[in-house]
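Q: sequence and predicted structure, then a few things I'm wondering about:
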Amino acid sequence: MSPLETLGFALGTSFASGLNLYATVAAAGLFQRLGVVHLPDPLQVLANPFIIGVAVALFVIEFVADKIPYVDSVWDAVHTFIRPPAAAFLSYSAFAGGVPEEWRVGAALLAGGVALTSHSAKATTRAAANVSPEPVSNWTLSLAEDSLAVFLSWMASTHPLITAGIVVVLLGAAILLIVKLFRFFRQIVTRLPGRRPLAEPGANPPAHAQPQPPRG
């Protein structure tokens, strides 16, 4: 891969890792082992049967945990400290071989930021689904996320430049989703019993808070 193609590969696998790290690693390793894709030389170790086995085992655990309301949110909270660093490490490793160290570090930071964005979108969406009365939403979201992670793993290996463009669009959508869901949660908090919404600037205070004229 050229440096630009490697960057596209790093962006695709990073976004996928933020959704499901273990599905990404397992899919990339299996694709390489089956000859479907050709990973960058430093990452061909992912095709090792031991690494594939560990990734598949962890994916099975996540597959179950990801479909249980509130358990999925706890799982996401723990993986805030796993998915972005792992994506950064994969990107740093992909750029090995003649690439200046500062470029490798920059690529790792970019990959970590991409993974953190997709992870945050996933986590906030799951939190919103958990307060929804629809019981099928967790299963639907989980299957969609897993499918997207596997698809991006394949695309990043076979069409890295196209994948880079896809990831840019997905990042924009993820940021908009995070902002929208943040407003949704803020509205829920203001509606909690015993919590009064903040008065808007220039609004008149409630009647009981207005000063009363002195009685003669």
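A: Looks like it came in fine.

Q: once you drop chain neighbours, what's closest to the residue nearest the centre of the chain?
A: In the chain, the C-alpha nearest the mean C-alpha coordinate belongs to His119, at 1.9 Å (C-alpha atoms, centre = their mean). Nearest residue to His119 in three dimensions, chain neighbours excluded: Gly18, at 3.8 Å (C-beta to C-beta, 6 or more residues apart in numbering). To be clear about C-beta, it is placed using only N, CA and C from the backbone, and glycine gets the same treatment.

Q: please tell me how far that neighbour sits from Asn48.
A: Distance, Gly18 to Asn48, using C-beta to C-beta, to the nearest Å: 24 Å.

Q: give me the more crowded residue out of the two.
A: Taking other C-beta atoms under 10 Å, Gly18 and Asn48 do not tie; Gly18 has more neighbours (31 against 13).

Q: residues touching the more buried one, list them.
A: Listed by C-beta atoms under 8 Å, 6 or more residues apart in numbering, the contact set of Gly18 reads 83-84, 87, 114-122.

Q: buried ones among those residues?
A: With burial judged by 16 or more other C-beta atoms under 10 Å, the buried subset of these is 83-84, 87, 114-122.

Q: any idea which of the residues you listed is closest to Ile68?
A: Lys122 (15.2 Å; C-beta to C-beta).

Q: helix/strand/coil for the closest one?
A: For Lys122, the assignment made with DSSP: H, G, I helix; E, B strand; the rest coil gives helix.

Q: quick revisit: what score does the residue nearest to His119 have for pLDDT?
A: Looking at Gly18, its pLDDT is 96.

Q: how much space between it and Val99?
A: 23 Å.

Q: over to Leu39?
A: 16 Å.

Q: what's the closest residue to Asp41 other than its chain neighbours sitting at in phi/psi?
A: Nearest in space to Asp41, with sequence neighbours left out and distances taken as C-beta to C-beta, 6+ apart, is Gly97 at 6.8 Å. Backbone torsions of Gly97, given as degrees, to the nearest 10, read phi 100, psi 80.

Q: okay, now Gly97: neighbour count?
A: Gly97, neighbours per other C-beta under 10 Å, totals 10.

Q: ok, now the one 3 residues further on?
A: Using other C-beta under 10 Å, Pro100 is surrounded by 9 other residues.

Q: could you pull up phi and psi at it?
A: Dihedral angles (degrees, to the nearest 10) for Pro100: phi -60, psi 150.

Q: can you check Leu34 too?
A: phi -90, psi 0.

Q: and what of the one 5 residues further on?
A: The phi and psi torsions at Leu39 (degrees, to the nearest 10) take the values phi -70, psi 160.

Q: so it makes contact with Ser157?
A: Yes. Leu39 lies in contact with Ser157 (C-beta atoms under 8 Å); the separation is 6.1 Å.

Q: please enumerate the helices of this structure.
A: Secondary structure of the chain (DSSP state H): helices located at 3-33, 49-65, 71-79, 83-94, 101-130, 137-158, 160-190.

Q: for the fourth one, buried residues please.
A: Burial within helix 83-94, assessed by neighbour count using 16+ other C-beta under 10 Å, is assigned to 83-88, 90-94.

Q: do the same with the fifth one
A: Of the residues in helix 101-130, those with enough neighbours to count as buried (16+ other C-beta under 10 Å) are 104, 107-108, 110-129.
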